[in-house]
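**Student:** Following is a predicted model, sequence given first.
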Amino acid sequence: MRYLILSDIHANWEALTAVLDGAAGAYESIVCCGDLVGYGPDPNAVVDWVRSNVAIVIRGNHDKAAVGLESLEWFNPVARTSAVWTQGELSAENREYVKKLAKGPLAVENFQIVHGSPLDEDEYLIGVAEVAQTFAYLDRNLTFFGHTHMQGGFIFTRGRIGVLRGAAWDGKPASLDLDPDSGYLVNPGAIGQPRDGDPRAAYALYDPESRSVTYCREEYDIASVQAKIRRAGLPDILAERLGVGK
Ligand code: ZN
């Protein structure tokens, strides 16, 4: 069974549908590492789609915020404004669904998914120092995570941490052959709000049989999403940052 690995969709319908077109035929099952909503203008379209297409899904911090499971006190003003807007938008069915989303880590076959880190769903795995501690607690060789919106990740091999890079700017996907003696923390990148300097929607494909992960990017109609964000009255910075991927 080949997997399409999604994370941080953030209510961006145009980015999600571009990824599904681009990845068509390359997978049999879909998993999602959380943050279905928040920031973007289409929370109901995205949650409707996830409900009927994604069996393996966990919650992110923005999902918790959108259904009152998290205090907004810790959110910056822009994230808070979009969380409050999303609370008012979600249909009753979608609110119930998001409320019941599982908390990671969630084990799937020979891998697991988490939103932030395997120890804390809200922790950002960015620096090698935090990651070194995290690897000590992993009970699976392969973990997919999100939350940082940066495609890539980390490899733990012979007692050392290395940094994994995502797809290159030339548009070609980057593939990673998994060594059975190494541990991996793989971030597919964000569908709906990339922050690694590449505005294209990010995702990954995982094939357990060939033991390979492929990092992919997909262009989408950013201008349409920016117009929707502005029409909804959401903070303008949320539209601007989609254009630069930061
Ligand atoms: Zn996120």
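**Tutor:** Thanks, I have it.

**Student:** Can you name the element that comes right after the least confident helix or strand in the chain by mean pLDDT?
**Tutor:** Lowest by mean pLDDT, DSSP states H and E among the helices and strands of the chain is helix 128-135, with a mean of 85. Per DSSP states H and E, the first helix or strand lying C-terminal to helix 128-135 is strand 142-144.

**Student:** Now do that following strand: everything it contacts.
**Tutor:** Contacts with strand 142-144, where a contact means C-beta atoms under 8 Å, 6 or more residues apart in numbering, come from 5, 7, 31, 33, 105, 110-114, 118, 178, 183-188, 204, 206. C-beta coordinates here come from the backbone N, C-alpha and C atoms, glycine included.

**Student:** now for the least confident helix or strand of the chain, which elements pack on it?
**Tutor:** Counting contacts by 3 or more C-beta pairs under 8 Å, 6 or more residues apart in numbering; DSSP states H and E, helix 128-135 packs against strand 152-157, strand 160-165, strand 183-187.

**Student:** Go through the lengthiest helix in the chain and flag the buried ones.
**Tutor:** Longest helix of the chain, by residue count under DSSP state H: helix 77-89. Across helix 77-89, burial judged by 16 or more other C-beta atoms under 10 Å covers Ala79, Thr81, Ser82, Ala83, Trp85, Thr86, Gln87, Glu89.

**Student:** Which residues of this structure lie near the ion?
**Tutor:** Asp8, Asp35 (C-beta under 5 Å from the ion).

**Student:** Apply 6 Å and report the result again.
**Tutor:** Residues of the chain lying close to the ion (C-beta under 6 Å from the ion) are Asp8, His10, Asp35, Gly60, His62, His147, His149.
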